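In: 3D, please:
(one chain, ligands or ions: 2)
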Amino acid sequence: MKILIVGSGGREHAIALSISKNPRVEKIYCAPGNAGIASLAECVPIGPMEFDRLSSFALEMGIDFTIIGMDDPLVGGIVDAFEEKGLRVFGPRKNAAILEGSKAFSKDLMKKYNIPTAGYENFDDPEEALAYLRTRASFPIVLKADGLALGKGVLICQNLAEAEEGVREIMQDKKFGTAGNRMVIEEFMTGREVSVLSFVDGKTIRIMSSAQDHKRAQDGDQGLNTGGMGTFSPSPFYTKEIDDICMKTIFQPTVDAMAKEGRPFKGIIFFGLMLTKDGPKVLEYNARFGDPEAQVVLPRMKNDLLTVMEACVDGTLDTIDLAFEDNAAVCVILASDGYPLKYEKGLPITGLEAFTGKTDYFCFHAGTAFKDGRIVTNGGRVLGVTATGSTLKEARQKAYEATNWVTFANKYMRHDIGKAIDEA
Ligand code: AMP
Ligand code: GLY
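Out: Ligands and ions are numbered 1, 2, ... in the order given. So this is what the prediction gives:
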C-alpha cells in the first residue's frame, strides 16, 4: 500500500513510525513532513491546507490510504475533499471535526446529551459577555475562544479586571483571529488532568491507554500555555473505576450523540478530562491524536495502527480489541528557548544518531529541517525524546538521560515532566 500522512510534527513522526511497521506498506509520503519523518517517508512540499493539491497528489501517486494528523485541515474539511475524489482517508469529516473546531458546539452537545462538563454560557456579543461577567460570574473563571487557536485560546481569569481584559483580547482585539468571533465562558474546575485518546468508527469506540500532558512552558506549571512540553503514559490516576465511569457517562455518549446529530464521527477522539471531586468531566474534545500524547501512546500500542485505522474507516472497529504493552513511556520535549513566543531557528542539531537501532528510545522530530545537508531546528518544539520502561519512574529516568544525547544551541526543556508520578 501507498500511504500519505498530512502533517509535520512529532505526532506525525510517531504515526509514520507505527505505519512503517506494517508489511503491507510499500511506501509512505508525508506532506509536508520534517527532517526526522524523512527517514521513513518521502516528504512532499505541499501545505496541510492545500486540499486540492494534496488530493490531486494522492490521485496521481495512487495513494491507497491517507491519514490526517492535524486539526486545522480536519476542521477545514480535508476529509470531505479527499472523499469527493473517491480517496480513502482517515479522519472525521468537516461536520464531525466541529467537535474540536467549535467549543460552543461541543459545549451545547454536552449539555444536550448530559455529558459531564463545566457549566458555561456562549457569547457572540462582547457587551453581553461583559454584562454576564459583571453581574453573574464567580472567579476564577475560564474564557475560551470558540475556534482553533493553537491550544492557546483559553484564559483563566482570577478576577473581574482580568476577565474584562480577556473579553477584549478575544472578541474585540481578535488576538486569536476569527476563532474569537464567539466565546465560551465557563466554570473553573479543579482536579487532575488526563488525556484519553480513542479510535471511533461512527458507532464503536475503542479507548487507548491514558496519558498526561504538561501544557505550561516552565517547571512547576508556570509560564505560558504551549502545545505541550512533555507527556507520560499511562496516567496512574486514571484507574479502571474511572475508566468505567467515563465509558458510561462520556465516551460512548459522545459517539452516540454525534451519530444522533447526523454527524457520525470516524477517526480519533481525544478526550481532555478533569478528574474532579464530583467525577470525571470533559475539558475539551480534539478530533486527532494529541501531540505529544501520540509519542507516548503509540510506542506502547501492540495493534497494527494501519489495521485499526482501516477498521475506523470501514465501520468494523467492533471486530478489534486494542492491546497495550504492560509498560510505561515518558516524552520530554526539547524546545527552542523562548517558545512559545520568540525563538531562533536554523541551528544545527547534533547527536541524533545515538537513537539509531534502539527499541526503547525514540527521538520524534517536531520542528526540524535540512539545511546544507545538516539537520537544523525549525520550530518552537524541536524534538520529542521518548523512552519506554517497565515503570513510569524508569521511563522518566531513561527519557531524561536521552535528552543529554542531543545538542543544539538554544535547547530548552522542562525538568519536571512526570513529577506527578511520585504522588501516585
Ligand atoms: P483546553 O485547550 O480547553 O484544553 O484548555 C487548556 C488548558 O486550560 C487545559 O489543559 C486546562 O489546564 C485549562 N482549562 C481549560 N478549561 C478549564 C476549566 N473549565 N477549568 C480549569 N481549567 C481549565
Ligand atoms: N497535547 C495537547 C494537544 O495535542 O492538543
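In: what comes up buried for stretch 220-230?
Out: 225, 226, 227, 228, 229, 230 (16 or more other CB atoms under 10 Å). In this view, the C-beta of every residue, glycine as well, is placed from N, C-alpha and C.
In: pLDDT wise, what is the residue lying closest to the third one once chain neighbours are set aside at?
Out: Read it as residue 227. Leaving out its chain neighbours, the residue that sits closest to residue 227 by CB to CB, 6 or more residues apart in numbering is residue 151, at 5.4 Å. Residue 151 carries a pLDDT value of 73.
In: All the helices of the chain, in order from the start?
Out: Using DSSP state H, the helices found in the chain span residues 10-20, 51-61, 71-76, 78-84, 94-101, 103-112, 126-136, 160-167, 240-246, 252-260, 294-297, 305-314, 392-403.
In: Out of these, flag the one nearest ligand 1.
Out: helix 103-112 (7.2 Å; CB to the nearest ligand atom).
In: Ligand 2 contacts on the stretch 151-300 of the chain?
Out: Counting by CB under 6 Å from any ligand atom, the residues of the stretch 151-300 of the chain close to ligand 2 are 151, 213, 228, 286, 290, 291, 293.
In: and the gap between the second one and residue 229?
Out: Okay, so that is residue 213. To residue 229, residue 213 is 8 Å away according to CB to CB, to the nearest Å.
In: repeat for the fifth one
Out: Counting by CB to CB, the gap between residue 290 and residue 229 amounts to 13 Å.
In: can you list residues touching both of these two?
Out: Here residue 290 and residue 229 have residue 213 as joint contacts, going by CB atoms under 8 Å, 6 or more residues apart in numbering.
In: and the residues of the stretch 151-300 of the chain next to ligand 2 as JSON lines, adding distance to residue 241?
Out: Listed next are these as JSON lines, based on distance: CB to CB, whole Å:
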{"residue": "151", "distance to residue 241": "29"}
{"residue": "213", "distance to residue 241": "22"}
{"residue": "228", "distance to residue 241": "27"}
{"residue": "286", "distance to residue 241": "25"}
{"residue": "290", "distance to residue 241": "23"}
{"residue": "291", "distance to residue 241": "29"}
{"residue": "293", "distance to residue 241": "22"}
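In: Which ones among the residues you listed also lie next to ligand 1?
Out: residue 151.
In: Just the ones of the residues of the stretch 151-300 of the chain next to ligand 2 in strands?
Out: Among these, DSSP state E puts 213, 286 in strands.
In: Please report how far the residue lying closest to residue 54 once chain neighbours are set aside lies from residue 7.
Out: Excluding its sequence neighbours, the residue lying closest to residue 54 (CB to CB, 6+ apart) is residue 46, at 5.5 Å. Per CB to CB, residue 46 is found 12 Å from residue 7.
In: Spatially nearest residue to the residue of the chain found nearest ligand 1, not counting backbone neighbours?
Out: Scanning the chain for the residue nearest ligand 1 gives residue 284, at 3.5 Å (criterion: CB to the nearest ligand atom). In space, and not counting its chain neighbours, residue 284 is closest to residue 272: 4.3 Å by CB to CB, 6+ apart.
In: returning to what we had before: between residue 46 and residue 7, which one's more packed in?
Out: A count of neighbours by other CB atoms under 10 Å puts residue 7 above the other of residue 46 and residue 7, at 27 against 19.
In: Quick one: mean pLDDT over stretch 261-270.
Out: According to the model, stretch 261-270 has a mean pLDDT of 98.
In: ok, now stretch 400-419?
Out: The average pLDDT within stretch 400-419 is 98.
In: What residues sit buried inside it?
Out: 400, 402, 403, 406, 408, 411, 412, 413, 414, 416, 417, 418.
In: residues contacting the closest residue to residue 394 other than its chain neighbours?
Out: Nearest non-adjacent residue to residue 394, counting by CB to CB, 6+ apart: residue 328, 7.4 Å away. Neighbour list for residue 328: 232, 233, 234, 300, 388, 389, 390, 391, 392, 394, 395 [criterion: CB under 8 Å, 6+ apart].
In: Ok, residue 319 next?
Out: Applying CB under 8 Å, 6+ apart to residue 319 gives the contacts residue 311.
In: how much space between it and residue 207?
Out: Applying CB to CB to residue 319 and residue 207 gives a distance of 16 Å.
In: Same question for residue 287.
Out: Using CB to CB, residue 287 is found at 16 Å from residue 207.
In: if you count what's nearby, which of those two comes out ahead?
Out: residue 287 (24 against 16).
In: which parts of stretch 239-256 are buried?
Out: Buried, per 16+ other CB under 10 Å, within stretch 239-256: 242, 245, 246, 249, 250, 251, 253, 254, 255.
In: want to throw these into JSON lines with pLDDT and distance to ligand 1?
Out: Formatted as JSON lines, these follow (pLDDT from 0 to 100; distance: CB to the nearest ligand atom, whole Å):
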{"residue": "242", "pLDDT": "98", "distance to ligand 1": "18"}
{"residue": "245", "pLDDT": "98", "distance to ligand 1": "19"}
{"residue": "246", "pLDDT": "98", "distance to ligand 1": "16"}
{"residue": "249", "pLDDT": "98", "distance to ligand 1": "17"}
{"residue": "250", "pLDDT": "98", "distance to ligand 1": "15"}
{"residue": "251", "pLDDT": "98", "distance to ligand 1": "17"}
{"residue": "253", "pLDDT": "98", "distance to ligand 1": "19"}
{"residue": "254", "pLDDT": "99", "distance to ligand 1": "15"}
{"residue": "255", "pLDDT": "98", "distance to ligand 1": "20"}
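In: Just the closest of those residues to residue 117, please.
Out: Closest approach between the buried residues of stretch 239-256 and residue 117, by CB to CB: residue 250, at 8.8 Å.
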